[in-house]
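J.: turn this into a structure:
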Amino acid sequence: MAAAAAMTLRHLVHCALAMAVCFVGLAAIYLQLNAQFVGFAQILVYVGAVAILIVFAILLTRSGEVRNESILAPGWIPGILAAVGVFAVLAWAVLNSLALPSGANPAPEVTVRELGDALMTRYIIPLEVIGLLLTAALIGAVVIALRQGEDAE
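T.: All right, here's what the predicted structure looks like:
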């Protein structure tokens with residue numbers, strides 16, 4: 001539902017917030033499938049960083065004018081129909097796939113704790129580089145927004 005809202009809403013802020021809700025739903029699916037690390041990484045990286053960065057970039061670069069437009073995009077009906085059609089085809093393909101497991105899932109061999117220990121010991125340098133990269137992207141978005149604000153005045 002959140003993905004459909006992100007696709008059909010007209011205002012960018014509403015679309016970005018609906019996308020963040022969609023990311024949370026995807027993380028919940030990962031957690032239900034016993035993929036704890038991927039679920040928690042989804043929450044931390046996509047919801048906690050990417051979606052918030054997109055919201056900040058939209059809010060920093062938007063002008064202050066308010067438009068009186070419909071909240072839905074003009075092509076929302078074909079978009080919903082296309083989304084339902086794609087979902088139906090994918091659901092049919094998954095349900096008729098021979099790759100579906102027949103038994104119960106085995107317990108994961110690596111726990112989230114072991115992955116966290118590896119990230120904080122062996123892979124600390126790449127983790128810090130990713131943090132610096134995200135920080136540089138946020139600073140770059142603020143600098144671009146400030147330059148656009150000076151040009152408008």
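
J.: and the helices in the chain?
T.: According to DSSP state H, the chain carries its helices in the segments 2-8, 12-32, 36-41, 52-61, 76-95, 112-121, 124-152.

J.: number of residues surrounding Gly48?
T.: When counting by other CB atoms under 10 Å, one arrives at 14 neighbours for Gly48. C-beta: built from backbone N, CA, C; applies to glycine.

J.: mind checking how far it is from Pro74?
T.: Using CB to CB, to the nearest Å, Gly48 is found at 33 Å from Pro74.

J.: reformat the helices of the chain as TSV; add mean pLDDT.
T.: Formatted as TSV, the helices of the chain follow (pLDDT from 0 to 100):
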stretch	mean pLDDT
helix 2-8	83
helix 12-32	88
helix 36-41	86
helix 52-61	76
helix 76-95	90
helix 112-121	85
helix 124-152	84
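
J.: I'd like these laid out as TSV, including mean neighbour count.
T.: Compiled in TSV, those are given as follows (neighbours: other CB atoms under 10 Å):
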stretch	mean neighbour count
helix 2-8	17
helix 12-32	17
helix 36-41	17
helix 52-61	15
helix 76-95	11
helix 112-121	12
helix 124-152	11
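
J.: quick check: closest non-adjacent residue to Met120.
T.: Spatial nearest neighbour of Met120, chain neighbours left out: Leu127 (7.8 Å); criterion: CB to CB, 6 or more residues apart in numbering.

J.: wait, the one you found touches Leu119, no?
T.: Yes. Distance between Leu127 and Leu119: 5.6 Å, which falls inside the contact criterion (CB atoms under 8 Å).

J.: give the contact list for Gly25.
T.: Counting by CB atoms under 8 Å, 6 or more residues apart in numbering, Gly25 touches Ala2.

J.: try it again at 10 Å.
T.: Neighbouring residues of Gly25 by CB atoms under 10 Å, 6 or more residues apart in numbering: 1-3, 42.

J.: distance-wise, check it relative to Gly79.
T.: Distance, Gly25 to Gly79, using CB to CB: 19 Å.
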